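K.L.:
structure here, sequence nowhere to be found:
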């Protein structure tokens, strides 16, 4: 029997999380759900990655949104 992690973020990169959320919500809605400058002012995946790697509280909010969004993606 395989030991699989129950963590839904296991093996998922931050870039994949952001790309999935942007594909599903778009930067406009994402910026409303998580009001941070990297989603509202000249948004890009690259600028979002840079900001979220340095800002733990914002990364946590993005990861929580991703987990809440997973059932909608199936």
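P.N.:
It's in. This is a predicted model, so every value here is computed, not measured.
K.L.:
tell me the pLDDT of residue 74.
P.N.:
pLDDT, residue 74: 80.
K.L.:
tell me how many other residues crowd residue 28.
P.N.:
Using other Cβ atoms under 10 Å, residue 28 is surrounded by 11 other residues. Placement of C-beta: from N, CA and C, glycine included.
K.L.:
what's in contact with the helix or strand encompassing it?
P.N.:
Secondary-structure assignment from DSSP states H and E places residue 28 in helix 14-33. The set of residues external to helix 14-33 that reach it, using Cβ atoms under 8 Å, 6 or more residues apart in numbering, is 9, 39-40, 43, 45, 48-49, 52-53, 59, 62-63, 65-66, 69, 72-73.
K.L.:
and whichever strand or helix holds residue 60 with helix 14-33, angle?
P.N.:
Element membership of residue 60, judged by DSSP H and E, is helix 56-73. When axes from the mean of the first three to the mean of the last three Cα atoms, to 10 degrees is applied, the directions of helix 56-73 and helix 14-33 differ by 90 degrees.
K.L.:
check which helices and strands helix 56-73 sits against.
P.N.:
helix 14-33, helix 45-54 (3 or more Cβ pairs under 8 Å, 6 or more residues apart in numbering; DSSP states H and E).
K.L.:
make CSV from those and add mean pLDDT and distance to residue 5 to it.
P.N.:
Below are these laid out as CSV (pLDDT from 0 to 100; distance: least, Cβ to Cβ, whole Å):
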stretch, mean pLDDT, distance to residue 5
helix 14-33, 97, 16
helix 45-54, 96, 22
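K.L.:
got the buried residues for the helix holding residue 60?
P.N.:
Across helix 56-73, burial judged by 16 or more other Cβ atoms under 10 Å covers 58, 59, 61, 62, 63, 65, 66.
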